[in-house]
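> Model the structure of this input:
(4 chains, ligands or ions: 2)
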Amino acid sequence: MPLTVKKQGEKLVASIRGDIDHHSALALRNAIDEAISRFRSKTLVLDFSEVTFMDSSGVGLVLGRYRNICAYGGELELRGLSLRHMKIMKLSGIEKIAKIKGGEENVKAAK
Amino acid sequence: MPLTVKKQGEKLVASIRGDIDHHSALALRNAIDEAISRFRSKTLVLDFSEVTFMDSSGVGLVLGRYRNICAYGGELELRGLSLRHMKIMKLSGIEKIAKIKGGEENVKAAK
Amino acid sequence: MLKPQNEMKLILKSHSVNEGFARVAVSAFAAQIDMTLEELSDIKTAVSEAVTNSIVHGYGRKIGNIYITCGIYDNNLIRIKIRDNGCGIEDIKKAMEPMYSSLGGDRAGLGFSVMECFTDKLKVYSKPGKGTSVILEKRVSIKC
Amino acid sequence: MLKPQNEMKLILKSHSVNEGFARVAVSAFAAQIDMTLEELSDIKTAVSEAVTNSIVHGYGRKIGNIYITCGIYDNNLIRIKIRDNGCGIEDIKKAMEPMYSSLGGDRAGLGFSVMECFTDKLKVYSKPGKGTSVILEKRVSIKC
Ligand SMILES: Nc1ncnc2c1ncn2[C@@H]1O[C@H](COP(=O)(O)OP(=O)(O)O)[C@@H](O)[C@H]1O
Ligand SMILES: Nc1ncnc2c1ncn2[C@@H]1O[C@H](COP(=O)(O)OP(=O)(O)O)[C@@H](O)[C@H]1O
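Numbering: from 1, shown residues only, chains lettered A, B, ... in the order given. Ligands and ions are numbered 1, 2, ... in the order given. As a prediction, this is how the structure comes out:
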C-alpha cells in the first residue's frame, strides 16, 4: 500500500506515495479512513511530498477525508503539495477548510 | 547528439548515450563515420555504458562501423555492454571480430 | 483542421487500471515535441480526467471501449480526443460547472475544471444514450 | 485463445520516430503484471524489432498504419500482435534465418532472432502484397 500512517504527537500523519487517480484513490481512502477511526486524533495530516501524479481524484480524496474527520470534530492539514497539486486543490476552495503547509520542495511532481 | 567522441591515446572512443534503435541509429552512424574519417585512428572504441535501450539495430550499427574501420586497416573494441546487450551482440558472432571489454556494471539497461 | 504530422489511436477497456496507462501512453507520444516537463504533466492530468470520466460516468459498472486519438499538428499543437460509447451527458453546460458531480462519494466535480485549467481548448460533444467525446487542445512551447 | 483479462489496441503511422513510442506504450501496458525489469526489457526489445520491421521492410518509403494489440491473459501470459498492410514476405522461412536481411546497409538480419530470443513464442503470418502479422507471446513470472 503506497501509504504510511503514523502518530506525530497529537497528529495523525498519513503520507501518500506514487500516483493519485480514481483507480488508486479507493485503496487510499479505505486505508486512511481505517486509520482515522483507529487513532481518533484531533488532527489529520495528509502529506503529499511523495506524490508523483495527482488529478481531481486527489481533491475528492481530501474532501472525503475532511467530511470524515469533521464527524469526530477534528481538523485537516495538508503538507508537501507541489505548486501544480496546490493549483488543483485550490479549484475546490480547500484552503478555506484545511491548513496548508509548505510544499514547494516537492520536485517529483514536475512542478 | 547523444554521442561523445574523443581521442584516448591512439584510440578513438565514441560513447553512445540513450536508446539505440533503427530511428536513432542513422544519426549515430553518420556522426561516428564522420569521426572515423576525421581522426583515422587505428582503433575505434564504441562505449555502450550509457546506452539505455538497444535492439538489433545496435548490432547493425557495430557491424557497419567494423566494415568501415576495416577499410582503414583498423580494429574495433566494444566497451560497457550490459549482459542483455552482450546477448544481442553475440547473436551476430561479433566477438570473433571485435575485442569486448567488461561492461556488467551497466545498470541502466535493466540487465 | 489540417492533417497531423503524426497521429496515434489507442483503444482500451474501461477498467480503472487503464487510467495510468492511458496518460502514460498519450504523454509518451506527445513527448515527441520537445516541450517542458510541466506542459507534459498538464497533458497527463487532462487526459487522466477525461479517461476517468469515461470509466466512472460513461460506462459505470459496465466495461466498454475508450477511443483515444492523439495528433501532433504544425506549430506545436497537440490535439487529443477521448471518446466513449457510454451513457452520455444530458446537460453539458451543467456538467461543466465547477464542483458539479452527478455522483456522490469522492468525486469532486472538478474533472472538467482541471481539463480547462491545463489545456488551451476543451470541447465536449455528447448524446444521451450514445456516448461522449472530449477534445483537448494544447499548444506547447519549444523547450529551452 | 481465451478472452484476455485486459487488452489494448494501438494504431500508429510507420514514421521511425514511433519505434520508441510503440515499445514504451506496450511495456507500460504490460507492466500491469508485476514482472521483473528484465522481462519488461525483453518485451520492449521484441516489440521494437517487430515495429521496426513494419516500418523498414513492410512500408519502406511509404507511410502506412501499424496495428498493435496487446492482451494480458491468465497465468501471466502476455500476447502482442504487430500487423502491417505492407509488402509482405515471400519466403518466411528464409526471412527468419539468423543474419538474413533483404536490405543491405546497416540491417543486421537479426530482428527475428532477437524476437525469438526474448519471447516464448513467435508466429509470423504474411502474404506478399498484403502485409505481415507477427505474434509474440511471453509468460512472465510474478516479481518477488
Ligand atoms: N464521459 C462521460 N460520460 C457521461 N457523463 C459524464 C462524462 N464525463 C462527465 N460526465 C458528467 O459530467 C459531470 C461532471 O464531470 P467532472 O467535472 O469530471 O466531475 P466528476 O467526474 O468529479 O463528477 C459528471 O459527474 C458526469 O455526470
Ligand atoms: N513486416 C515485414 N514486412 C516485410 N518484410 C519483412 C517484415 N519483417 C521482416 N521482413 C523480411 O524479413 C527479413 C529478416 O528480418 P529481420 O530478421 O528482422 O532482419 P532485418 O530487419 O535486419 O533485415 C527482412 O530483411 C525482410 O526481408
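
> tell me the mean pLDDT over stretch A:38-49?
Mean pLDDT, stretch A:38-49: 93.

> Need the distance between the two termini of that stretch.
End-to-end distance of stretch A:38-49 (C-alpha to C-alpha, to the nearest Å): 24 Å.

> Buried residues in it, which are they?
A:41, A:43-49 (16 or more other C-beta atoms under 10 Å in any protein chain shown). (Each C-beta comes from the backbone N, C-alpha and C, glycine too.)

> what residues does that stretch touch?
Applying C-beta atoms under 8 Å, 6 or more residues apart in numbering or on different chains, the set of residues contacting stretch A:38-49 from outside is A:5, A:7-8, A:10-16, A:32, A:36, A:54, A:58, A:62, A:65, A:69, A:72-82, A:85, A:103, A:105-106, A:108.

> what about residue 52, helix or strand, and which?
Let's take chain A. If you go by DSSP states H and E, A:Thr52 is part of strand A:43-54.

> actually it's chain C I care about, not the one you picked
Assigned by DSSP H and E, C:Thr52 falls in helix C:37-53.

> and that helix with chain D, contact?
No - shown here: helix C:37-53 not in contact with chain D (C-beta under 8 Å from any C-beta of the partner chain), separated by at least 12.2 Å.

> max-length helix in chain A?
helix A:22-39 (DSSP state H).

> Excluding chain neighbours, what is closest to whatever residue of chain C ends up closest to ligand 1?
The nearest approach of chain C to ligand 1 comes at C:Gly111, 1.9 Å away (C-beta to the nearest ligand atom). Spatial nearest neighbour of C:Gly111, chain neighbours left out: C:Glu49 (4.2 Å); criterion: C-beta to C-beta, 6 or more residues apart in numbering or on different chains.

> Contacts only, for the one you found.
So C:Glu49 contacts A:55-56, C:111-112, C:114-115 (C-beta under 8 Å, 6+ apart).

> pLDDT at it, what is it?
Reported pLDDT for C:Glu49: 98.

> The residue of chain C closest to ligand 1: neighbour count?
By other C-beta atoms under 10 Å in any protein chain shown, the residues close to C:Gly111 number 28.

> and the gap between it and C:Phe29?
22 Å (C-beta to C-beta, to the nearest Å).

> Show me what the residue most central in space within chain A is bridged to.
What sits nearest the mean C-alpha location of chain A, by C-alpha atoms, centre = their mean, is A:Leu46, with 3.3 Å. Residues in a beta bridge with A:Leu46, per DSSP bridges, are A:Ala14, A:Leu78.

> Look up how far D:Tyr100 lies from it.
For A:Leu46, the distance to D:Tyr100 - C-beta to C-beta - is 59 Å.

> and if you look at C:Ala28?
C:Ala28 is 32 Å from D:Tyr100, by C-beta to C-beta.

> C:His15 too?
If you go by C-beta to C-beta, the gap between C:His15 and D:Tyr100 works out to 41 Å.

> ok, now A:Gly18?
Applying C-beta to C-beta to A:Gly18 and D:Tyr100 gives a distance of 46 Å.

> can you check C:Gly129 too?
Counting by C-beta to C-beta, the gap from C:Gly129 to D:Tyr100 is 55 Å.

> Settle it for me: which of those two has more neighbours?
Higher neighbour count among C:Gly129 and D:Tyr100: D:Tyr100, with 16 against 10, using other C-beta under 10 Å.

> what sits against that one?
D:94, D:109.

> State the helix or strand in which whichever residue of chain C sits closest to ligand 2 lies.
Going by C-beta to the nearest ligand atom, ligand 2 is nearest to C:Met8 of chain C, at 18.6 Å. Assigned by DSSP H and E, C:Met8 falls within strand C:6-13.

> got the contact list for C:Gly111?
Contacts of C:Gly111 by C-beta under 8 Å, 6+ apart are A:55-56, C:49-50, C:52-53.

> can you give me the strands in chain C?
Using DSSP state E, the strands found in chain C span residues C:6-13, C:65-73, C:77-84, C:121-127, C:131-139.

> and the fourth one, anywhere near chain A?
No - with C-beta under 8 Å from any C-beta as the criterion, chain A is not reached by strand C:121-127; the gap is at least 14.0 Å.

> The helix or strand hosting A:Arg67 vs helix C:37-53, what angle?
Assigned by DSSP H and E, A:Arg67 belongs to helix A:56-70. Between helix A:56-70 and helix C:37-53, the angle comes out at 70 degrees (axes from the mean of the first three to the mean of the last three C-alpha atoms, to 10 degrees).

> Counting by contacts, list what helix A:56-70 packs against.
Using 3 or more C-beta pairs under 8 Å, 6 or more residues apart in numbering or on different chains; DSSP states H and E as the contact test, the elements touching helix A:56-70 are strand A:11-20, helix A:22-39, strand A:43-54, strand A:75-79, helix A:83-90, helix C:111-118.

> Please repeat the previous calculation with a cut-off of 7 Å.
strand A:11-20, helix A:22-39, strand A:43-54, strand A:75-79, helix A:83-90 (3 or more C-beta pairs under 7 Å, 6 or more residues apart in numbering or on different chains; DSSP states H and E).

> C:Glu38: which of these is closest?
helix A:83-90 (7.3 Å; C-beta to C-beta).

> Would you mark the buried spots in the closest one?
In helix A:83-90, counting by 16+ other C-beta under 10 Å, buried: A:84-86, A:88-89.

> would you turn the residues you listed into TSV with distance to D:Ser41 and pLDDT?
Shown next, in TSV, are those (distance: C-beta to C-beta, whole Å; pLDDT from 0 to 100):
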residue	distance to D:Ser41	pLDDT
A:Arg84	31	96
A:His85	32	96
A:Met86	37	96
A:Ile88	34	97
A:Met89	37	96
